[in-house]
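Enquirer: fold the following for me, if possible:
(one chain, ligands or ions: 1)
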Amino acid sequence: MEAPDFKDFAKSMVDYIANYLENIRDRPVLPTIEPGYLRPLVPERAPERAEPWTAIMEDLERVVMPGVTHWHSPRFHAYFPTANSYPAIVADMLSGAIACIGFTWIASPACTELEVVMLDWLGQMLGLPEQFLARSGGEGGGVIQGTASEATLVALLAAKSRMLQRTKEQHPEWTEAEIVSKLVGYCNKQAHSSVERAGLLGGVRLRQLRPDDRHRLRGDAVRDAIDEDIRNGLIPFYVVATLGTTSSCSFDALQEIGEVCRERGVWLHVDAAYAGSAFICPEYRYLMAGVELADSFNFNPHKWMLVNFDCSAMWLKEPRWVVDAFNVDPLYLKHEQQGSAPDYRHWQIPLGRRFRALKLWFVLRLYGVENLQKFIRNHIAQAHLFEKLCAADERFEIVEEVIMGLVCFRLKGSNELNEELLKRINGRGKIHLVPSKIDDVYFLRLAVCSRFSDDNDIHFSWQEVKDAADEVLKTHKDK
Ligand SMILES: *Cc1c(COP(=O)(O)O)cnc(C)c1O
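Expert: Residues are numbered from 1 along each chain as shown. Okay, here's the model as predicted:
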């Protein structure tokens, strides 16, 4: 393809994208096709001869769209949101055009330097302590990871290498394998599954601790577990505090946990994957009180801050524990400016990395902090609207305090009744929700996800839930 065709193709695609997104409400949110639907719709082999780009445009509605779950429909309330905005889409075009691999500073200086500055911008927007920011002139700084799961693993590996070194100094007679076999980390039982997975990948024990009756991990629970393990000859090294759990968006008691970690010299990582975006609004920062006690902090602009996947922001006070622990330095990656700017290859698992800071730069400039705050506040207000509608119907109960854009609710009654309700709601095909279960209580989660969502959409979704409940309760009465 040459430039004239590219221009026509791209312009045509931009029209298609704008049309798709602006009218997304009209598409059924969940596809109705069966597994294997796609193969019969495309040829058995790749074409021998080049096709015109118009042939692809013609196939989008026939082949792709019938199998798409429309995450950006205001009718989509499953999981947590994933971000989408025009500035981020355009930035990804440019990233695709430059198509550099920014593993070292010299491999594309703008790729590294814009990332350093954007993470400073973002850290200031959240009110992170200066120690996390590169602008402080200290060691700390931020990095864009692909996902929160990677950030949790990177933090775990850093914590592991820090505790390994400390323990070796105290017990030079112990082998590395002996020390690793004693390491133990901790998280809330309600922590994301990626935390457990980080323990498995990192080859260390990870204990899931019982939260309080509001599903928050408390300082006492962490202290008791750590002290018990120390008595048993283990070496506590890592705690993950979750701000905004995936199941019900509860917030661990960061200040309490932070004080325990400081007393015991344990690395504290904060996973605020979803809720972290809300800290750009000062009125929600009470939920991250104690963040100055953390060693690393992570949230996903690609969830709730209008930066398309993938963009997971992570800050470390002492990145040297990652950088030095996994520093392999082959000659072909060496350069003369080593040390004067971060070589981000040391901060992450893969070597290669895209120019993702462009997405942040475009979104932050073209929205401005003010509009991003408006967007967050608007979603939270819509969640409270749904909460109000739901609470006013005596057949329903709210099962967790609504703090962010997530409402956890259920029909008063058995888990089976609520399973049936969810099946009805998704079966009617107009809105999409997923369930969760805590302590054997099954409930439904309604997340406000779409950038296009407004109060009318919430009323529509509530009407759907109500109608489905009418059907379910009627069949129960008839039985
Ligand atoms: C979504 C989520 C994750 C996982 O995020 P990825 O970026 O997909 O890895 C981790 N923790 C919490 C609390 C989440 O909500």
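Enquirer: near the ligand, which residues of this protein show up?
Expert: Residues of the chain lying close to the ligand (C-beta under 6 Å from any ligand atom) are 80, 147-149, 192, 194, 242, 244-246, 271, 273-274, 300, 312. Bear in mind the C-beta positions are built from the backbone N, C-alpha and C, glycine included.
Enquirer: in helices, which of those appear?
Expert: The helices, defined by DSSP state H, take in 148-149, 194 from those.
Enquirer: re the thing from before, which of the residues of the chain next to the ligand has the largest number of neighbours?
Expert: residue 271 (32 neighbours; other C-beta atoms under 10 Å).
Enquirer: so that residue is in contact with residue 241, correct?
Expert: Yes: contact criterion C-beta atoms under 8 Å: residue 271 and residue 241 qualify, at 7.2 Å.
Enquirer: tell me, what's touching those two both at once?
Expert: Residues touching both residue 271 and residue 241 (C-beta atoms under 8 Å, 6 or more residues apart in numbering): there are none.
Enquirer: coming back round to it: okay, who's weakest in the ones in helices among the residues of the chain next to the ligand by pLDDT?
Expert: In terms of pLDDT, residue 194 ranks lowest among these, with 93.
Enquirer: residue contacts, that one?
Expert: By C-beta under 8 Å, 6+ apart, the contact set of residue 194 is 147-149, 152-153.
Enquirer: against residue 202, how distant is it?
Expert: Separation of residue 194 from residue 202 (C-beta to C-beta, to the nearest Å): 12 Å.
Enquirer: okay, and the common contacts of the two?
Expert: Taking C-beta under 8 Å, 6+ apart as the contact rule, the neighbours common to residue 194 and residue 202 are residue 153.
Enquirer: make a markdown table from the contacts of residue 194 and add distance to residue 460 to it.
Expert: Putting those into a markdown table (distance: C-beta to C-beta, whole Å) gives the following:
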| residue | distance to residue 460 |
| --- | --- |
| 147 | 32 |
| 148 | 31 |
| 149 | 33 |
| 152 | 36 |
| 153 | 40 |
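Enquirer: now, which of the residues you listed sits nearest residue 263?
Expert: Within the contacts of residue 194, proximity to residue 263 (C-beta to C-beta) peaks at residue 152, which comes in at 22.9 Å.
Enquirer: and the helix or strand where that closest one lies, what's buried?
Expert: Assigned by DSSP states H and E, residue 152 belongs to helix 148-170. By 16 or more other C-beta atoms under 10 Å, the buried positions in helix 148-170 come out as 148-164, 167.
Enquirer: send me it as PDB with only the CA atoms.
Expert: What follows is helix 148-170 as a C-alpha-only set of coordinates in PDB (Å, rounded to 0.1, in the frame of the first residue of the first chain):
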ATOM      1  CA  ALA A 148      -1.700  -3.900  36.500                       C
ATOM      2  CA  SER A 149      -0.900  -7.600  36.600                       C
ATOM      3  CA  GLU A 150       2.600  -6.800  35.400                       C
ATOM      4  CA  ALA A 151       3.000  -4.000  37.900                       C
ATOM      5  CA  THR A 152       2.100  -6.300  40.700                       C
ATOM      6  CA  LEU A 153       4.700  -8.900  39.500                       C
ATOM      7  CA  VAL A 154       7.400  -6.300  39.000                       C
ATOM      8  CA  ALA A 155       6.800  -4.900  42.500                       C
ATOM      9  CA  LEU A 156       6.900  -8.400  43.900                       C
ATOM     10  CA  LEU A 157      10.200  -9.100  42.200                       C
ATOM     11  CA  ALA A 158      11.600  -5.800  43.500                       C
ATOM     12  CA  ALA A 159      10.500  -6.600  47.000                       C
ATOM     13  CA  LYS A 160      12.000 -10.100  46.700                       C
ATOM     14  CA  SER A 161      15.400  -8.800  45.600                       C
ATOM     15  CA  ARG A 162      15.400  -6.200  48.400                       C
ATOM     16  CA  MET A 163      14.600  -8.800  51.100                       C
ATOM     17  CA  LEU A 164      17.100 -11.300  49.500                       C
ATOM     18  CA  GLN A 165      19.900  -8.800  49.800                       C
ATOM     19  CA  ARG A 166      19.000  -7.800  53.400                       C
ATOM     20  CA  THR A 167      18.800 -11.300  54.600                       C
ATOM     21  CA  LYS A 168      22.000 -12.300  52.900                       C
ATOM     22  CA  GLU A 169      23.700  -9.500  54.800                       C
ATOM     23  CA  GLN A 170      22.300 -10.800  58.100                       C
END
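Enquirer: which strands and helices lie in contact with that helix?
Expert: For helix 148-170, the packing partners by 3 or more C-beta pairs under 8 Å, 6 or more residues apart in numbering; DSSP states H and E come out as helix 176-182, strand 183-188, helix 193-202, strand 235-242, strand 267-271, strand 296-299, strand 312-316, helix 320-323.
Enquirer: tell me where the model's unsure across the stretch 251-400 of the chain.
Expert: Per-residue confidence for the stretch 251-400 of the chain (pLDDT under 70) gives these ranges: 329-333, 336-339.
Enquirer: quick one: the helices in this structure?
Expert: Using DSSP H, helices in the chain cover 3-22, 53-59, 86-98, 109-126, 148-170, 176-182, 193-202, 219-231, 254-264, 301-304, 320-323, 357-391, 415-428, 455-478.
Enquirer: right, and those helices - which one's nearest residue 278?
Expert: Distance to residue 278, taken as C-beta to C-beta, is lowest for helix 357-391 among the helices of the chain, at 5.3 Å.
Enquirer: what residues sit buried inside the closest one?
Expert: Under the neighbour-count criterion of 16+ other C-beta under 10 Å, helix 357-391 has 357-364, 367, 372-373, 375-376, 379-380, 382-387, 389-390 buried.
Enquirer: how distant is that helix from the center of its chain?
Expert: Helix 357-391 sits 15 Å away from the centroid of its parent chain (C-alpha atoms, centre = their mean, to the nearest Å).
Enquirer: for residue 313, see how far away the closest residue to the ligand within the stretch 201-350 of the chain is.
Expert: Per C-beta to the nearest ligand atom, residue 273 is where the stretch 201-350 of the chain lies closest to the ligand, at 3.4 Å. Distance, residue 273 to residue 313, using C-beta to C-beta: 10 Å.
Enquirer: check residue 414 too.
Expert: From residue 414 to residue 313 the distance is 42 Å (C-beta to C-beta).
Enquirer: higher neighbour count, those two?
Expert: Shown here are residue 414 and residue 313; by other C-beta under 10 Å, residue 313 has more neighbours (30 against 12).
Enquirer: wait, that one touches residue 142, no?
Expert: Yes: applying C-beta under 8 Å as the test, residue 313 and residue 142 come out as touching, 6.1 Å apart.
Enquirer: ok, back up a step: ok, now which ones touch the nearest residue to the residue of the stretch 201-350 of the chain closest to the ligand once chain neighbours are set aside?
Expert: Among residues not flanking residue 273 along the chain, residue 148 sits closest, at 3.9 Å (C-beta to C-beta, 6 or more residues apart in numbering). By C-beta under 8 Å, 6+ apart, residue 148 lies in contact with 192, 194, 271, 273, 298-300, 312.
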